[in-house]
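> pasting the sequence and the predicted coordinates here, then a few questions.
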Amino acid sequence: MIKEIEKFEEFNGVNSPLIPRIFSAFKYKIGSDNAFKQLNDNGDITALLSSVDGNFTLITTESTDYEELKDFLGFCGCNCVVSDVPLSASPKSYSLYKFCGNEEMENTQKFISLGKDSTMNDYRKFYSLLFSDEQSDFYLWYCDFSKKIVNNDAKAICLNQGENLVSIATVPLIYKNTAIISGVYTLKDFRNKGYSRLTIYKLIEELKKENITEIYLWCEKHLEDFYNKLGFEKVGNIYMETEL
C-alpha cells in the first residue's frame, strides 16, 4: 500500500544518502509535488519515494514491493526515477561516493558563500556559474534555492579570483547530518589548477562545522579517479531511469 507522508517524523529509522531528496520534496513541495511511503500488511515502511514535477526519488528496503511501485510510477506519469536499485535491465548508472578523507589543508584562497543576507544579485552570480552551459530558469531556481539557504537546508561555495567567480560546489539538499554534494563546476579557462578540489574541501569544512558528517555525491564513471584522490570512497551506485 502506498500512502502520502503526512508527518515528517515518519522518515525516522530509514537511512539512505537519498533521504535529503525525499526531505526536500516533502518540505518544499509545490503544487503536486509530494512524498510517499510504501507499507506492508504490518504497517512497516518498505519504501520511500518523492515526486518533484514528475521526477521521482526512490529508496528501497529488502521488503519493497517493486511491482506495486512500478504500477504507481506509471499511474503518476513518471518522467524519471532516481533510485538505489535498478528497476529495469539497462538503467543509467552513477557511482555513489562518501567522503572519508581529510579536507584540512592550507587554503589561502578567497571564497564567498550564499547566506541569509545574500541578495538576489548574489544568487545571480552563483547561478551564472552553476548553469553556464545550460538553459534554465533563474527565478524558479532562486525561489527554491534561496528558501533552502535561509533554512540552512542547502549550501553553496564559490572560489573568487579577482573579479571572477571561477569554481563552485553546492549542496542543494541537507537532512539532519546528511548532505549530497552536486553542482561542482569550474570555468574552462581556470581548470587544472586544483580549484575544484579547494572549493569542495571548503564546502566540506563548512558542512562539518554544523555537524554534517555523512557527506555524499554521485558521479559518472570517468570522474571516479578524481574523487578517489579527494578522499571519497565508493559505497555503491545510484540509478537513473527514464523508461520503466
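Alright, I've got the coordinates.

> pLDDT below threshold where in this protein?
Within the chain, the ranges that satisfy pLDDT under 70 run 105-107, 132-136.

> remind me, longest helix of it?
helix 195-209 (DSSP state H).

> what's that helix in contact with?
99, 103-105, 107, 109, 111, 113, 155, 157-159, 166-171, 174, 179, 181, 184-186, 215, 226, 230 (Cβ atoms under 8 Å, 6 or more residues apart in numbering). No exception for glycine: its C-beta is placed from N, CA and C like everyone else's.

> let's see that with 7 Å instead.
99, 103, 105, 107, 109, 111, 155, 157, 159, 166-169, 171, 179, 181, 184, 186, 215, 230 (Cβ atoms under 7 Å, 6 or more residues apart in numbering).

> following element in sequence after that helix, please.
Sequence-wise, the next helix or strand downstream of helix 195-209 (DSSP states H and E) is strand 214-219.

> next, the angle from that following strand to helix 195-209.
For strand 214-219 against helix 195-209, the angle by axes from the mean of the first three to the mean of the last three Cα atoms, to 10 degrees is 150 degrees.

> Ile181 in helix, strand or coil?
strand (DSSP: H, G, I helix; E, B strand; the rest coil).

> separation between it and Ser118?
Ile181 sits 20 Å away from Ser118, taking Cβ to Cβ, to the nearest Å as the criterion.

> of these two, which one has the most company?
Ile181 (24 against 17; other Cβ atoms under 10 Å).

> strands of this structure, start to end?
Assigned by DSSP state E, the chain shows strands spanning 2-4, 34-39, 45-52, 55-60, 80-83, 92-99, 110-113, 155-161, 164-175, 178-186, 214-219, 232-241.

> could the ones you listed go into JSON lines alongside distance to Gly74?
Formatted as JSON lines, the strands of the chain follow (distance: least, Cβ to Cβ, whole Å):
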{"stretch": "strand 2-4", "distance to Gly74": "13"}
{"stretch": "strand 34-39", "distance to Gly74": "14"}
{"stretch": "strand 45-52", "distance to Gly74": "13"}
{"stretch": "strand 55-60", "distance to Gly74": "11"}
{"stretch": "strand 80-83", "distance to Gly74": "11"}
{"stretch": "strand 92-99", "distance to Gly74": "19"}
{"stretch": "strand 110-113", "distance to Gly74": "41"}
{"stretch": "strand 155-161", "distance to Gly74": "36"}
{"stretch": "strand 164-175", "distance to Gly74": "26"}
{"stretch": "strand 178-186", "distance to Gly74": "27"}
{"stretch": "strand 214-219", "distance to Gly74": "25"}
{"stretch": "strand 232-241", "distance to Gly74": "12"}
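
> from Leu73, how far out is the residue minimising distance to the centre of the chain?
Taking Cα atoms, centre = their mean, the centroid of the chain lies closest to Ile180, which sits 4.2 Å from it. Distance of Ile180 to Leu73, computed by Cβ to Cβ: 22 Å.

> same question, Lys27
22 Å.

> more neighbours, those two?
Leu73 (21 against 14).

> need the residues that contact stretch 138-156.
28, 113-116, 118, 120, 123-124, 126-127, 168, 170-174, 203, 206-207.
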